[in-house]
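In: Sequence and predicted structure below; questions after.
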Amino acid sequence: MARTRTFIDKIFLVIKGLCMGAANKVPGVSGGIVAFVGGFYEEFIYSLQKVNYKAFKLFVNGRFKSFYAYINGSFLFLLIFGMLVSYFSVSKVLDYFLVHKELYVWSAFFGMILGSIYYIGKDFDHWKKRTIFAALIGLTVGISISFLSPAKENDNLIFIFFCGIISVSGMTLPGLSGSFILILLGNYVLLLVDSVNALYDTFLEIIKGDFSFTKNVERISALKILGVFTLGSATGLVTLSHIISYVLKHYKHITTAVLLGFITGSLGVVWPWKKTVYKTDDLGTILTDSNGNEIIKNYSRYFPDFGISETWWAVFFVIIGISILLGLDWYGKNRKATS
């Protein structure tokens, strides 16, 4: 999998990492879809698979160059660097637009997923009884997940570790949104908003020479939670990659059919025209968790009103989303033609 990369290739890898990081933070959108349509999904999975006992021995024995080459380091580190930068830059911008222009953001992602279905399905010509059945299973699971109700927030560290394992599923399984699963588990705000913001604030304070956060019990607790979550994510990323690489190697067509069905089923999660339904008490007051965040009960979906301009703007952003995927497809074809 390892190969020589040009400077432009490296820049594009960082950009792809930025896109994966941003996608992973949006409920209903999968970073794995970015990898799939970007044409580097299999390389991503097989590179992660190389993070194994042999790699550990090379590292411990001080054979760093061999370790770097063995795990396809130039690829993994640039991609992961892009993801990390995304969490403190692109994701912040995305958070802003999700608050102020939510309909248009969901519309763009809805278009991207429509484009990804086309991208994955256009060259898949292995439709048989087994693959059709597999696609139907994926479709059923995807639709079912769309209508599950969120649980309550839970800051138990063992549960946080489990959330970390689950959250990276979106990186290894296109169509399965790790952030949406965190919403269902009740820990989206705690892990991808509060904890990340706590780390961001801590970095800023350290740069300014301010270490008062060490006496802030809430901040230390948030950083501890983020550390356990990160450890769980790393564990899940490596573990799931081994499972996925085996499945891709031995059951590639069936796996692709399941993913295609699953992605199609997940369209319900990112349907742009929906309202958040919050949990309320008997008096109709919206309930909040221990951090004061409103507790999401479910999402109420509705059909758009084409008599208002907002709907047509949303449709425009759906087309933009589809165009992004078609652009990636065009880039991939031209890259293959010139290489």
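Out: Yep, that arrived. Since the model is a prediction, treat every value here as computed from it, not as a measurement.
In: ok, the nearest residue to residue 44 once chain neighbours are set aside to residue 20 distance?
Out: Spatial nearest neighbour of residue 44, chain neighbours left out: residue 35 (5.1 Å); criterion: C-beta to C-beta, 6 or more residues apart in numbering. Quick note: C-beta positions are derived from backbone N, CA and C, even for glycine. As defined by C-beta to C-beta, to the nearest Å, residue 35 lies at a distance of 6 Å from residue 20.
In: joint contacts of these two?
Out: residue 171 (C-beta atoms under 8 Å, 6 or more residues apart in numbering).
In: rewinding a little: which elements pack onto the host helix or strand of the residue nearest to residue 44?
Out: If you go by DSSP states H and E, residue 35 is part of helix 31-37. For helix 31-37, the elements it packs on are helix 7-25, helix 41-49, helix 102-121, helix 169-172, helix 309-338, judged by 3 or more C-beta pairs under 8 Å, 6 or more residues apart in numbering; DSSP states H and E.
In: Which of the ones you listed comes out lowest on mean pLDDT?
Out: Of all those, the minimum mean pLDDT falls on helix 169-172 (a mean of 77).
In: Quick one: name whatever helix or strand follows it.
Out: helix 178-185.
In: Quick one: list the elements packing against that next one.
Out: Using 3+ C-beta pairs under 8 Å, 6+ apart: helix 178-185 touches helix 7-25, helix 129-146, helix 157-167, helix 169-172.
In: Give the rounded mean pLDDT of it.
Out: Helix 178-185 shows a mean pLDDT of 76.
In: what mean pLDDT does the helix or strand following that helix have?
Out: Counting by DSSP H and E, the next helix or strand C-terminal to helix 178-185 is helix 188-189. The average of the pLDDT scores along helix 188-189 is 76.
In: same thing with stretch 140-147?
Out: In this model, stretch 140-147 has an average pLDDT of 80.
In: Next: stretch 86-96.
Out: Stretch 86-96 carries an average pLDDT of 71.
In: Using CSV, please lay out the helices and strands packed on helix 178-185 together with distance to residue 251 and mean neighbour count.
Out: Output for those, formatted as CSV (distance: least, C-beta to C-beta, whole Å; neighbours: other C-beta atoms under 10 Å):
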stretch, distance to residue 251, mean neighbour count
helix 7-25, 24, 20
helix 129-146, 9, 17
helix 157-167, 22, 20
helix 169-172, 15, 26
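In: Ok, which of those comes nearest residue 78?
Out: When the helices and strands packed on helix 178-185 are compared by C-beta to C-beta, helix 7-25 sits nearest residue 78, at 4.2 Å.
In: what angle separates the closest one from helix 157-167?
Out: With axes from the mean of the first three to the mean of the last three C-alpha atoms, to 10 degrees as the basis, helix 7-25 and helix 157-167 are set at 130 degrees to each other.
In: out of the helices and strands packed on helix 178-185, which comes closest to residue 206?
Out: Between those, helix 7-25 lies closest to residue 206; by C-beta to C-beta that is 22.0 Å.
In: Check which helices and strands the closest one is in contact with.
Out: Right, helix 7-25 is packed against helix 31-37, helix 73-88, helix 90-100, helix 169-172, helix 178-185 by 3+ C-beta pairs under 8 Å, 6+ apart.
In: which of the ones you listed is buried the deepest?
Out: Stretch with highest mean neighbour count among these: helix 31-37 (a mean of 27; mean count of other C-beta atoms under 10 Å).
In: For residue 122, grab the count of nearby residues.
Out: Counted with other C-beta atoms under 10 Å, residues neighbouring residue 122 total 9.
In: State the pLDDT value of it.
Out: The model's pLDDT for residue 122 equals 80.
In: can you tell me how far it sits from residue 201?
Out: According to C-beta to C-beta, residue 122 stands 45 Å off from residue 201.
In: what does residue 140 give?
Out: Counting by C-beta to C-beta, the gap from residue 140 to residue 201 is 43 Å.
In: What of residue 62?
Out: For residue 62, the distance to residue 201 (C-beta to C-beta) stands at 37 Å.
In: re the thing from before, so the residue nearest to residue 44 touches residue 174, yeah?
Out: Yes. The criterion here is C-beta atoms under 8 Å, and residue 35 meets it with residue 174 at 7.0 Å.
In: Please enumerate the shared neighbours of the two.
Out: With C-beta under 8 Å, 6+ apart as the test, residue 35 and residue 174 both reach residue 41.
In: Would you reformat the helices and strands packed on helix 7-25 as CSV and include distance to residue 313?
Out: As requested, these are exported to CSV (distance: least, C-beta to C-beta, whole Å):
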stretch, distance to residue 313
helix 31-37, 24
helix 73-88, 26
helix 90-100, 13
helix 169-172, 28
helix 178-185, 25
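In: Which one of those lies nearest to residue 157?
Out: Of those, nearest to residue 157 by C-beta to C-beta is helix 178-185, at 14.3 Å.
In: Just want the angle from that closest one to helix 157-167.
Out: Going by the same axes, to 10 degrees, helix 178-185 makes 140 degrees with helix 157-167.
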